[in-house]
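A.B. asks: Here you go, sequence then predicted model.
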Amino acid sequence: MKKRSILLLLILLTFSVIAQVKTPPDWSKDAVIYEVNLRQFSDEGTFEAFQKHLPRLKSMGIDILWFMPIHPIGEKNRKGTLGSYYAVKDYFDVNPEHGTKEDFRELVDQIHKMGMYVIIDWVANHTAWDNELTVTNPDFFTKDSNGNFVPPVADWHDVIDLNYDNKEVWTYMTGALKYWVDEFNIDGYRCDVAGMVPTEFWNQAVAELQKSKEVFMLAEADEPELHSAFDMTYSWEFHNIMNDIPNGKKNAGDVEEYFKKDKSEFPKSAYRMMFTSNHDENSWKGTVFERMGDAAEIMLVLSSIVEGMPLVYSGQEAGLNKRLDFFEKDIIKWNEHKFYDLYRELFSLKEKNKALWNGEFGGEMEFIDNSNETNVTSFIREKDNKKVFAVFNLSKETQSVKLNDERIKGSYINLFTKQPSEIFEEMSFELNPWEYIVLYK
């Protein structure tokens, strides 16, 4: 009897955990996300100036525009001349360098008219030293033994830690989150260092937001349990694998191992964000060309067709080849570059081919055994009679590879050459360094 009770309890707990997983909005099922570094996007660095780029981004296949924090930046203990976006002085206002609230409202409206969505970066864990809360609500903050405000991390000396043991902080922060959804009709949030804030806070805050509209939530975190409140988390591990393959620390075999592990740890409905760059990687660790060298292109393609939602960081489509200064003005050069066309082809395929859709909406990766698995990864994704077959030489040497699997057989179109390709159960390929083949039907 005792064993039956324990078994029943385990079953109930399992269903309880499943029931707590957030369901992504239907509109996100085939979405691609783009991170906007507004300060560096144009000479003006304004909401108004950014509108000029919307047709280009729409044409590239972007669906979600994630704006780095749009709020006023603290001046006390500021880093650099312009400061960090993530030192928020006022949660209810916009940085005057970007324009006015009305400018932002007009931008959101225009983005929606073009069939895209808006999320803004939210810094819930800490504030600037001169945030008005330090005067009106000093008990909102963590303090040392002498009663002084303290940074959450020693190196983050331009910000101070909020104390989530105080439930009044929860009420205030939930109200601030709700303000931008209700008043400006934004579609959700990317939440900075989400894992440093209690998951229970996010659960209740998102529940409140959902009363206004169905929101999309991205956590800067990779803990599976955060999917109770968030639709998407960062896939840092896969990002690191892509960084490590070009320098020989990882190989093609690690790609398959990663996806097996990820599938066992995360809910089926969870989106995982796939990226070769973002604001942190670019500014602090280097451009994709610094980190990946000649493999930058193949990693762009790989990250766009594996399970997960691909991210493009500001300027990547223009071949961004410099580290953008984080605390100063450092404008992106909008060059014509082949990466734009690559992204456009890949994202057009993602939109039309259900095999590449996100989470449970898309097809699972089925790895195809091959004769050279240290250097070559091969897989299919299939959903509702749509299929993608891909082979990647993840090495700097020419590689020969043989495949023998009936699952690959069929008549395909090559994504980039547009030529028909007949694939048989047994196939051999000779692949140049960092060469890839993407076929679909």
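C.D. replies: Perfect, thanks for sending it.

A.B. asks: Is my assumption valid that Arg344 occupies a position in a helix?
C.D. replies: Yes - using DSSP: H, G, I helix; E, B strand; the rest coil, the secondary structure at Arg344 is a helix.

A.B. asks: Is it correct that it is in contact with Met60?
C.D. replies: Yes - in this structure, Arg344 is within contact of Met60 by CB atoms under 8 Å, at 5.1 Å. (C-beta placed from N, C-alpha, C; glycine too.)

A.B. asks: Which one's more surrounded, those two?
C.D. replies: Between Arg344 and Met60, counting by other CB atoms under 10 Å, Met60 is the more crowded of the two (21 against 15).

A.B. asks: residues contacting that one?
C.D. replies: Met60 makes contact with Val312, Glu317, Tyr340, Tyr343, Arg344, Phe347, according to CB atoms under 8 Å, 6 or more residues apart in numbering.

A.B. asks: Quick check: it vs Asp103, distance?
C.D. replies: 24 Å (CB to CB, to the nearest Å).

A.B. asks: Buried ones from the contacts of Met60, can you make that a ChimeraX selection?
C.D. replies: Buried residues among the contacts of Met60 (16 or more other CB atoms under 10 Å), as a ChimeraX selection:
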select :312,317,340,343,347
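
A.B. asks: what would the contacts of Met60 look like in JSON lines with pLDDT and distance to Met299?
C.D. replies: Conversion of the contacts of Met60 to JSON lines gives the following (pLDDT from 0 to 100; distance: CB to CB, whole Å):
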{"residue": "Val312", "pLDDT": "98", "distance to Met299": "13"}
{"residue": "Glu317", "pLDDT": "98", "distance to Met299": "15"}
{"residue": "Tyr340", "pLDDT": "98", "distance to Met299": "16"}
{"residue": "Tyr343", "pLDDT": "98", "distance to Met299": "13"}
{"residue": "Arg344", "pLDDT": "98", "distance to Met299": "17"}
{"residue": "Phe347", "pLDDT": "98", "distance to Met299": "16"}
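
A.B. asks: With distance to Thr276 as added columns, please give the contacts of Met60 in a markdown table.
C.D. replies: Output for the contacts of Met60, formatted as a markdown table (distance: CB to CB, whole Å):
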| residue | distance to Thr276 |
| --- | --- |
| Val312 | 9 |
| Glu317 | 12 |
| Tyr340 | 15 |
| Tyr343 | 11 |
| Arg344 | 16 |
| Phe347 | 15 |
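
A.B. asks: Looking at the contacts of Met60, spot the one nearest Glu430.
C.D. replies: Closest to Glu430 out of the contacts of Met60 is Tyr343 (27.2 Å), distances taken as CB to CB.

A.B. asks: which residues does that closest one contact?
C.D. replies: Met60, Gly61, Leu300, Ser304, Val312, Gln316, Glu317.

A.B. asks: Return the residues in contact with the spatially most central residue of the chain.
C.D. replies: The chain has Met273 as the residue nearest its centroid, 4.0 Å off, counting by CA atoms, centre = their mean. Met273 makes contact with Ile33, Leu218, Met232, Thr233, Tyr234, Ser235, Gly308, Met309, Pro310, Leu311 under the criterion CB under 8 Å, 6+ apart.

A.B. asks: Please repeat the previous calculation with a cut-off of 7 Å.
C.D. replies: Leu218, Met232, Thr233, Tyr234, Ser235, Gly308, Met309, Leu311 (CB atoms under 7 Å, 6 or more residues apart in numbering).

A.B. asks: and the residues you listed, which are buried?
C.D. replies: Looks like the contacts of Met273 have Leu218, Met232, Thr233, Tyr234, Ser235, Gly308, Met309, Leu311 buried, using 16+ other CB under 10 Å.

A.B. asks: Nearest to Ser212 among those?
C.D. replies: Distances from Ser212 to these, taken by CB to CB, are shortest for Leu218, at 17.8 Å.

A.B. asks: give me the low-pLDDT residue ranges for the chain?
C.D. replies: Scanning the chain for pLDDT under 70 picks out the ranges 1-19.
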